[in-house]
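# Mind looking at a prediction? Sequence and model below.
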Amino acid sequence: MNIAVVTFPGSNCDDDTVRALHALGASVIRLWYRDRDLGGIDGVILPGGFSYGDYLRGGALAAQAPVMEPLRHAVRERALPVLGICNGFQILTEAKLLPGALRPNRQGTFLSTWQHLRVTRASSLFWGLREGEYLRLPIAHGEGAYYLPPGQLASLFDRGQAWLQYVSFDGQLTAAANPNGSVANLAGVIAGSVAALMPHPERAMDAALGSADGVRLLTAWLEGIRRRSRDASS
Amino acid sequence: MQARDVGLTQTEYAAICRLMGREPNELELGLFGALWSEHCSYKNSRALLKRLPHEGPYVVAGPGGNAGVVRVSDDWEVAFKIESHNHPSYVEPVQGAATGVGGILRDIIAMGAQPIAVADLLRFGTDSQSVRLRQGVVKGIGQYGNAIGIPTVTGDVAYSETYAQNPLVNVLAVGLRRPEHAMTANTARPGHLLVLVGQRTGRDGIHGASLLASQDFQGSEHDTLRPTVQVGDPFLGKLLMDMTLTAVERGWVAALQDLGAAGLTSAVAELCDSSGVGANLWLDRVPLRQRQLSSYDIMLSETQERMLMAVEPERWPDVRALADHYEILATVIGEVTEGEMIQIWWDSTVQGTVSAHWLVRGCPRRDVSEEWWRALRHRPTEAPPVITTIPSLRALVLDVLAHPDVRDRSFIYQQYDSTIQTRTVWGPDHDVAVLRLHDTRVGLVLSVFGTGQWASLDPYAGAAAAVVLAASRLAALGAEPLGLTDGINAGNPDKEESFRQMASAVAGVQDAAEALRIPVTGGNVSLHNETDGQPIWPTVMIGALGRLDDATKPVPDCVGAQGHTLYLVNPGPLHWGGSVAERVVEGASPYPLGDLGHHQRALEAMTQFVRRGLAQAVRAIGRGGLATALARMLLGAPPSLGMAILLSESTESEKLLRLFNEGPAQWVVAVAPEVVDDAVGYWQAVGIELRYLGEVTQSGRLEVDERVHWTRAELLTAWRQPG
Amino acid sequence: MAQFHATVVVTLKPDILDPAGDATAQVLRQMGYLVDDVRMGKHIQLTLEAESVSEAEAAVRQMTESLLANPVMETYTVRVDAS
Amino acid sequence: MAQFHATVVVTLKPDILDPAGDATAQVLRQMGYLVDDVRMGKHIQLTLEAESVSEAEAAVRQMTESLLANPVMETYTVRVDAS
Ligand SMILES: Nc1ncnc2c1ncn2[C@@H]1O[C@H](COP(=O)(O)OP(=O)(O)O)[C@@H](O)[C@H]1O
Ligand SMILES: [Mg+2]
């Protein structure tokens, strides 16, 4: 099973992401944003960072990158699992592979802090990550306020696409727990085989660094892929 | 164009003519103007800096290169250095601070090291204009560091009217390298190609070194300084960093130098001078952003995001292909030659010829006599000020916690990515940063601290105390000190008083570093911090780097369990000179430095105490004194815990002085009941005073002398003042 | 082929929160100005090659719709001048 | 007092580096557009209270010089309309 990590010019969490995947025993293929051939891969991560310096809008310039074409194709044709983290989330919304948009944080400044999250909806993409589970992960972003045009929120929940929400340290879904002004405290969404979140699971791989909850999230994603390819081949 | 147009005096001009045996042409004069500026030549500070101790068991490279380097393990070396960007940040806060970060990162990269951390040391005024300056500076630091992907893990900020027209923006960077990837500028050899990599050269920051960084500000001069604004591009900076470090790793770079102050001129001159070679420069080949740049502009432009490499001709195709991969420009702009002369060409005509040696070393430098240097140690007396009206203890604790120099800084550091690169064990919510190296338990401790009030009346004592404080925070973790970097910020050195203040500060760093046996491996000097004739307080920023054998479990800096006993180690003098409390009650008296030899023994003893595992929690006492240290140890603890403190002082004013003095090398330690005897015995044996303070309780509040108390909420509200 | 100058102004849709605008308004009010509201948009100037003004304008509209503006939250205007 | 609408356009001076414009131009070219150059500026819309158009314009100019633009690297234009 091969997992690709795509580096766009300006990506800066790609190395951390590769290190996290290696720690979980995954075999990693690194892709450069100009690659037009994905190769034999079973899943893709678009890592965090400042692709193209976040100029214009976070993720907008990277969404036009050559690698996005085969990626889009693979999502459409064979439901390739894609995971966007932070800037990767922005790229996926700009590329219209996920609904909505990421707007500058409500407070107008970059925000780096630890956040508690709740799994709002279990998904087969994350095998074993159950509804109602809590995670503690760091966030670090300037444009992380998830936005949906009026009227689209209810259907996002109805379709089971509302995946992760920011909650308070004791698990409450409160306005105060919302770090950036995201609609409905949304921190992560899923559409088909594409999932994305603003927090950084790859930075939470070791309790000594504050949390090992990233291990749970990434393991669940890898396990989802493993089961999927097993089912496909059986 | 005349000497003074490029910031040179008549005497300096005469020296140039003597060296050259002729008058320089305009281009040559411009090169001298830049490299003989205060910022590049250290003409007023070199003689002082050379007195700092540079030798130590871990030192790989001391001052002289782009950054100091120390050894952490057999596998890893660490480059680190501090840099200032004060004037640019006043002119354009966001870009000034951003390019400050970019600049120090390229210094680290020039040593062949991958940057892993940034720290920011800031000083601002107290008016509303200063608030906007601070917001811009913080935004700029975040903008660059966050985007290029280097965590900002610690910092220091303080305020005083003295910085209103002259904020200080010092940035420190730390990088890691394998010993086999060590790079320097002094390994260029005749026949190497000179390759300029990165941004196209534009009209940015011409005269940045000679005018912006090396002269005082007159309020109205802003206009004439217009062309000096540089814009940072962290996006390109990231590509340049990755490309450069990859080329270094593959062994394709023979010598490396960043382009900082005085741009190409400084880079080429430093590279040639340190390597003992000359160069031909072909300016017509330099990629430009604008048409119509003159040779002069190209040589002096401070366009950011550029590096200069010396490359063997056979390696050039590889380097070019790598640059193509990263989509950045790499251009051969010259060649290394025998001798020491730099010849500047445009097509086939020579525009100027100067010796690298004259540019880098020829500047007449100020020297001082031994006697004058020694006399800097005669200082104001340390007689304690008399407290005439005794303030309320209850109110004073809260006022000190709420003071801008003490209060919670999360409104600043939450704008910085502090967790990227996955090494951050302790980030900016602690007094020091702890970074664990990948795939090992070994880690680094970065402790930064700068003077403000401490050095206002006595720069010597303040500077020395800053070194002691930075080191006492390493000791609190039992870390092994590896080295120091120092940033000296002071006024116009042509004024005798400012010069003496700067020299006193350097003397303070020297004496403390020697006493503590920690080498200074590099630093920065920023002079001319004056606006309209008003100098800042001489301000010394210190960065101390230490090693931890196990960085995964640092000794906590907050109390952890009921029943632990609290002690004060090495109680300071009953003297609150330079303290925040003194400022709150509007006093000003010199800082009580005490004996550096004694502090060294206390530091050594604390380091061993922690390593023996005798402490359940430790916090070094700094700004805000003992009271603040206690409050912070409680605020980070489980909410049910409290503290009951019993002071042994008898009078009210002595109690205040005990709680608020900021004397150096003091710690609060929490000791578990089962090791109390061992702990007490240990301190008795080493001959450092251990004074009983009280107990950790379950009261959820801080109590002093069973008389005054503060709830946790009260302390938190005071400490968490907004911006 | 000739050179054309284009200006694209991209603004947030009216009901979308604009933190940068709000923060600026707040500072301006602190400074004593009687400001009700501030909205931050982008003013993008392009020079491009095209056969005619109408071709240039079509190209700029296309760039804007596919990249310069995000239709989920922004609206835009385009103006093209011959060089 | 009446309400006025003002538009301030802030652009970088020609010699000042514009990384955002450069990166956008690079991507537009990669998408196949014949773009020579892109410069990113700000389009700021304000509503404010003033006694007259001329008073409003004076206020907006002042705000621009002291906050909205940094004269060291930017230039600006101001337009004020009655509400
Ligand atoms: N205060 C100081 N203490 C120790 N070394 C210093 C100090 N100031 C400057 N140096 C050293 O002098 C050398 C030249 O510094 P600098 O010109 O700032 O380098 P760069 O141009 O690369 O930033 C460096 O090696 C630096 O570490
Ligand atoms: Mg350098």
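That came in fine, so what should we check first? Numbers count the residues shown, from 1 in each chain, chains lettered A, B, ... in the order given. Ligands and ions are numbered 1, 2, ... in the order given.

# which residues does A:Leu164 bridge with?
With DSSP bridges applied, A:Leu164 shows beta-bridge pairing to A:Val119, A:Gly188.

# State the pLDDT value of it.
Note on A:Leu164: pLDDT of 98.

# Distance check, it against chain B.
18 Å (Cβ to the nearest Cβ, to the nearest Å). The way it works is simple: take the backbone N, C-alpha and C, and place the C-beta from them, glycine included.

# residues touching the nearest residue to B:Val675 once chain neighbours are set aside, list them.
In space, and not counting its chain neighbours, B:Val675 is closest to B:Leu614: 5.5 Å by Cβ to Cβ, 6 or more residues apart in numbering or on different chains. If you count contacts by Cβ atoms under 8 Å, 6 or more residues apart in numbering or on different chains, B:Leu614 has them with B:671, B:675, B:678-679, B:682.

# Verify the stated contact: B:Asp284 with B:Trp345.
Yes. B:Asp284 is within contact range of B:Trp345, at 7.4 Å (criterion: Cβ atoms under 8 Å).

# neighbour-wise, which of these two wins?
Neighbours were counted for B:Asp284 and for B:Trp345 using other Cβ atoms under 10 Å in any protein chain shown; B:Trp345 has more, 18 against 14.

# how about that one, secondary structure?
Applying DSSP: H, G, I helix; E, B strand; the rest coil to B:Trp345 yields a three-state assignment of strand.

# cool, C:Ala6 as well?
On the three-state scheme (three-state DSSP), C:Ala6 is labelled strand.

# I'd assumed C:His43 was in contact with it.
No. With the criterion set as Cβ under 8 Å, C:Ala6 and C:His43 do not qualify as a contacting pair; they are 11.4 Å apart.

# still on that earlier bit, so among the contacts of B:Leu614, which ones count as buried?
Burial of these was assessed by neighbour count (16 or more other Cβ atoms under 10 Å in any protein chain shown); the buried members are B:671, B:675, B:679, B:682.

# Please identify which helix or strand holds the residue nearest to B:Val675.
When secondary structure is defined using DSSP states H and E, no element contains B:Leu614, which sits outside every helix and strand.

# quick one on the thing from earlier: now, which of the buried ones among the contacts of B:Leu614 sits nearest ligand 1?
Of all the buried ones among the contacts of B:Leu614, the one sitting nearest ligand 1 is B:Tyr682; the distance, using Cβ to the nearest ligand atom, is 35.5 Å.

# So the spatially closest residue to B:Ser456 that is not a sequence neighbour versus ligand 2, what's the distance?
Using Cβ to Cβ, 6+ apart and skipping the chain neighbours, the partner closest in space to B:Ser456 is B:Trp537 (4.4 Å). Between B:Trp537 and ligand 2 the computed distance is 27 Å (Cβ to the ion, to the nearest Å).

# show me what contacts B:Trp537?
Applying Cβ under 8 Å, 6+ apart to B:Trp537 gives the contacts B:160, B:162-163, B:451-453, B:455-456.

# can you count the residues close to the single nearest residue of chain A relative to ligand 2?
Taking Cβ to the ion as the measure, chain A has A:Asn12 as its residue closest to ligand 2, at 23.0 Å. When neighbours are defined as other Cβ under 10 Å, A:Asn12 has 27 of them.

# cool, and B:Gly587?
Other residues close to B:Gly587 by other Cβ under 10 Å number 16.

# residue contacts, residue 23?
Here I'm looking at chain A. A:205, A:215.

# look at chain C instead
By Cβ under 8 Å, 6+ apart, the contact set of C:Ala23 is A:Gly108.

# C:Val9 versus that one, what's the distance?
According to Cβ to Cβ, to the nearest Å, C:Ala23 stands 21 Å off from C:Val9.

# Over to A:Tyr147?
Counting by Cβ to Cβ - A:Tyr147 and C:Val9 are separated by 21 Å.

# repeat for B:Glu496
B:Glu496 sits 57 Å away from C:Val9, taking Cβ to Cβ as the criterion.

# Strands along the chain, start to end?
Reading this off chain A. For chain A, applying DSSP state E gives strands covering A:2-7, A:27-32, A:43-46, A:82-85, A:101-103, A:111-119, A:134-141, A:145-147, A:162-167, A:186-191, A:194-197.

# ah, no, chain C please
According to DSSP E, the strands that chain C contains are C:2-12, C:35-50, C:74-82.

# Would you mind giving these as JSON lines with distance to B:Gln215, mean neighbour count and mean pLDDT added?
Below are these laid out as JSON lines (distance: least, Cβ to Cβ, whole Å; neighbours: other Cβ atoms under 10 Å in any protein chain shown; pLDDT from 0 to 100):
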{"stretch": "strand C:2-12", "distance to B:Gln215": "40", "mean neighbour count": "19", "mean pLDDT": "97"}
{"stretch": "strand C:35-50", "distance to B:Gln215": "36", "mean neighbour count": "21", "mean pLDDT": "97"}
{"stretch": "strand C:74-82", "distance to B:Gln215": "43", "mean neighbour count": "15", "mean pLDDT": "94"}
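
# Please identify which of these is closest to B:Leu288.
Of all those, it is strand C:35-50 that lies closest to B:Leu288, at 18.1 Å by Cβ to Cβ.

# hmm, that closest one touching chain B?
No. Using Cβ under 8 Å from any Cβ of the partner chain, strand C:35-50 stays clear of chain B, coming no nearer than 14.8 Å.

# how much distance is there from that strand to the middle of the chain?
For strand C:35-50, the gap between its own C-alpha mean and the chain's C-alpha mean amounts to 3 Å (Cα atoms, centre = their mean, to the nearest Å).

# got the residues of chain C near chain A?
Chain C has residues C:15-17, C:19-20, C:22-23, C:66-68, C:70, C:72-73 near chain A, with proximity defined as Cβ under 8 Å from any Cβ.

# where does chain A have low pLDDT?
Across chain A, the ranges flagged by pLDDT under 70 are A:234.

# Which stretches in it count as helices?
Secondary structure of chain A by DSSP state H: the helices cover A:14-23, A:68-78, A:87-94, A:153-158, A:213-233.

# ranking those helices by burial, who's on top?
Most buried of the helices of chain A by mean neighbour count (mean count of other Cβ atoms under 10 Å in any protein chain shown) is helix A:87-94; its value is a mean of 29.

# Just give me how far that helix sits from the chain centre.
8 Å.

# Serialize the buried ones among the contacts of B:Leu614 to a markdown table and add fields for pLDDT.
Output for the buried ones among the contacts of B:Leu614, formatted as a markdown table (pLDDT from 0 to 100):
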| residue | pLDDT |
| --- | --- |
| B:Val671 | 98 |
| B:Val675 | 97 |
| B:Ala679 | 98 |
| B:Tyr682 | 98 |
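
# from these, which ones fall inside strands?
B:Val671.

# Which one of the buried ones among the contacts of B:Leu614 is nearest to D:Leu48?
Distance ranking of these against D:Leu48, using Cβ to Cβ, places B:Val671 first at 62.8 Å.

# For the closest residue to ligand 2 within chain C, which residues are in contact?
Chain C approaches ligand 2 most closely through C:Ala20 (35.0 Å), counting by Cβ to the ion. Taking Cβ under 8 Å, 6+ apart, we find C:Ala20 in contact with A:104, A:108, C:40.

# residue nearest the centroid of the chain?
By default, I'm working from chain A. The central residue of chain A, meaning the one whose C-alpha is nearest the mean C-alpha position (Cα atoms, centre = their mean), is A:Ala196 at 2.5 Å.

# hmm, I had chain B in mind actually
B:Ile82 (3.6 Å).

# Contact partners for residue 19?
By default, I'm working from chain A. Contacts of A:Arg19 were listed using Cβ under 8 Å, 6+ apart, and they are A:202, A:205, B:422, B:438.

# my bad, the chain I had in mind was chain C
Neighbouring residues of C:Pro19 by Cβ under 8 Å, 6+ apart: A:104-108, A:181.
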